[in-house]
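Novice: only geometry, no sequence info:
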C-alpha cells in the first residue's frame, strides 16, 4: 500500500505542476490580450486627435487665406475670440499628440494593423484564455479528486491497522485469561 500512496503523491505533484504551468500560460495570454487592447485604444485616441487637429488647422488655414475674415477679426471682438480659441485648441491638439508620441502618418497606419489584430489575434487570445481556464478547472478537479483518494486510502489503512491491533489485543486478552484459568 505504501507504494500506491507514493505513486498518488507523485501523480498529485505532476497534476500540480501541470496546473501551475497552465495558469502561467493563461496569465501570459491575458497579458497579451490586455496589451493589444491598450495599444488599440492608444492608436484610436491618436487617430481621433489627428482628425480633430487636421480639421482645426484646415479652418485656421481658410480663415488666414480669406481677407474678409481678417477684416472681420479686426472689427469684431467675437470673431477675434473665435479665431484665438481655434488657435488655442489646435495648440492643445498638437501638445496631446506629442504626449501620445505621435510621429506622423505611419502611426495612423498602425491603426489598420490594430484593426486586423482585433479581428484575428484578439479572438484567438480569447479562445486560448477560455481553453486554459477550462483546463485549469479540469486539472483542479483532478487534483482535488486525487487528494481525496489519498485521504480516503489513508483513512482505510488506519481503520485496517486499528482493527488488526484490536483483534491482536482481544486475542492477547483471551490468551491471558486462559493462562490465568490454568
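Specialist: Perfect, thanks for sending it. No experiment lies behind these values; they were computed from the predicted model shown.
Novice: what about the longest helix that the chain contains, distance to the chain center?
Specialist: Across the chain, the longest stretch assigned as helix under DSSP state H is helix 105-181. Centroid separation for helix 105-181 versus its chain: 24 Å, with CA atoms, centre = their mean, to the nearest Å.
Novice: same for it, what does it pack against?
Specialist: helix 2-65 (3 or more CB pairs under 8 Å, 6 or more residues apart in numbering; DSSP states H and E). Every C-beta, even on glycine, is put in place using the N, C-alpha and C of the backbone.
Novice: tell me the contacts of the residue nearest the centre of the chain?
Specialist: Geometric centre of the chain, nearest residue: residue 30, 2.8 Å, by CA atoms, centre = their mean. Residue 30 sits next to residue 129 when contact means CB atoms under 8 Å, 6 or more residues apart in numbering.
Novice: got a pLDDT number for it?
Specialist: Model confidence at residue 30, given as pLDDT, is 88.
Novice: quick check: it vs residue 133, distance?
Specialist: From residue 30 over to residue 133 the distance is 10 Å, taken as CB to CB, to the nearest Å.
Novice: before we move on, what about residue 26?
Specialist: 6 Å.
Novice: okay, these two: which has more neighbours?
Specialist: Using other CB atoms under 10 Å as the criterion, residue 26 and residue 133 rank with residue 26 on top: 18 against 15.
Novice: enumerate every residue touching that one.
Specialist: Listed by CB under 8 Å, 6+ apart, the contact partners of residue 26 are 129, 132, 133, 136.
Novice: now do the phi/psi pair for residue 66.
Specialist: phi -100, psi 110 (degrees, to the nearest 10).
Novice: over to residue 76?
Specialist: Residue 76 adopts backbone torsions of phi -110, psi 130, taken as degrees, to the nearest 10.
Novice: number of nearby residues for it?
Specialist: As a burial measure, residue 76 scores 12 neighbours (other CB under 10 Å).
Novice: tell me the spacing between residue 147 and residue 154.
Specialist: Look at residue 147 and residue 154: by CB to CB, they are 11 Å apart.
Novice: flag the shaky bits of this structure, pLDDT-wise.
Specialist: For the chain, applying pLDDT under 70 flags the ranges 1-5, 107-108, 173-182.
Novice: and the gap between residue 73 and residue 62?
Specialist: For residue 73 relative to residue 62 (CB to CB), the value is 13 Å.
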